[in-house]
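S.K.: predicted model, plus sequence, below.
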Amino acid sequence: MDLQKAWKKLEHDKLEMPVLGSVHIVKKSKHPVEKLKLAYLISALWSAVFLLVMGYLFFQFDQTLVRVGLGVTQMGLFLSSVINFLMYKKIKAGLPIDRDLKNFLRYTYDSIRANIQFQERAALFFYPIAGMSGYFLGMAAAGTEVASTMQEPFYLCVLAITMVSVMPLGWFCTRWSYRISYDVWLKELKQRIDELEKPLPPTNLPV
């Protein structure tokens, strides 16, 4: 079914009674709303997988600094998984025909854009922490006592350089991953919204 034509037909018919229900987007639909919903579910699952990996590593090392770094990284992954899953639940797969379809799609588009911007900013904080965690983890895996080694200025400088370097790298990686996962479908959703905002052609339908 062409949703735009169906919606315009309802407007032309000037129905006296509201039509209740929704046009459901089936699982294999290529509609951008459904694709965006699926992308959030995949992101939530990947965050959960990495969370389990970090949890496993947490119990493999008993050094305090290593566990602190892994713990903060786990917190970031947990929040990412929860946020993505909540967005997955928030996005509706059924397009309503008893409400303004354009505003419904606009609300979905704006919500996803705001969520992506929030997660990009959050990554600026968590990526340096993840870099620090990886730095400590590598030292511990090599058999180094992290707490005593980090008292030396050289290793502190290396840690600082690592964290500063990871921040822009993490930012670009985050932007790149969101472009792959969401950008194509967001653009298509925006195109559909723009089509609905176009004025209707004149008709000779009886009033």
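M.R.: Noted; the coordinates are in hand. Not measured: the values here are computed from a predicted model.
S.K.: which stretches in the protein count as strands?
M.R.: Read by DSSP state E, the chain holds these strands, from start to end of the chain: 22-24, 94-96.
S.K.: which of those strands has the lowest average pLDDT?
M.R.: Mean pLDDT per stretch puts strand 22-24 lowest among these, at a mean of 44.
S.K.: okay, now residue 117: neighbour count?
M.R.: Other residues lying near residue 117 total 11 when counted by other C-beta atoms under 10 Å. Any C-beta I mention is one placed from the backbone N, CA and C, and that applies to glycine too.
S.K.: how far away is it from residue 175?
M.R.: Distance, residue 117 to residue 175, using C-beta to C-beta, to the nearest Å: 11 Å.
S.K.: again with residue 138
M.R.: Separation of residue 138 from residue 175 (C-beta to C-beta) stands at 26 Å.
S.K.: other SSEs contacting the helix ranked longest in the chain?
M.R.: Of all segments of type helix in the chain, defined using DSSP state H, the longest is helix 101-141. Of the remaining helices and strands, those touching helix 101-141 by 3 or more C-beta pairs under 8 Å, 6 or more residues apart in numbering; DSSP states H and E are helix 32-58, helix 64-90, strand 94-96, helix 146-149, helix 153-178, helix 184-197.
S.K.: now do the last one against helix 101-141, angle only.
M.R.: I take that to be helix 184-197. Between the direction of helix 184-197 and that of helix 101-141, the angle (axes from the mean of the first three to the mean of the last three C-alpha atoms, to 10 degrees) works out to 170 degrees.
S.K.: now helix 184-197 - C-alpha only, PDB.
M.R.: These are the backbone C-alpha positions of helix 184-197, laid out as PDB (Å, rounded to 0.1, in the frame of the first residue of the first chain):
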ATOM      1  CA  VAL A 184      20.400   6.300   5.100                       C
ATOM      2  CA  TRP A 185      17.000   5.600   6.700                       C
ATOM      3  CA  LEU A 186      16.800   9.000   8.300                       C
ATOM      4  CA  LYS A 187      17.300  10.600   5.000                       C
ATOM      5  CA  GLU A 188      14.600   8.500   3.400                       C
ATOM      6  CA  LEU A 189      12.300   9.300   6.300                       C
ATOM      7  CA  LYS A 190      12.900  13.000   5.800                       C
ATOM      8  CA  GLN A 191      12.100  12.700   2.100                       C
ATOM      9  CA  ARG A 192       8.800  11.100   2.900                       C
ATOM     10  CA  ILE A 193       8.000  13.900   5.400                       C
ATOM     11  CA  ASP A 194       8.900  16.400   2.700                       C
ATOM     12  CA  GLU A 195       6.500  14.700   0.300                       C
ATOM     13  CA  LEU A 196       3.700  14.900   2.800                       C
ATOM     14  CA  GLU A 197       4.300  18.600   3.300                       C
END
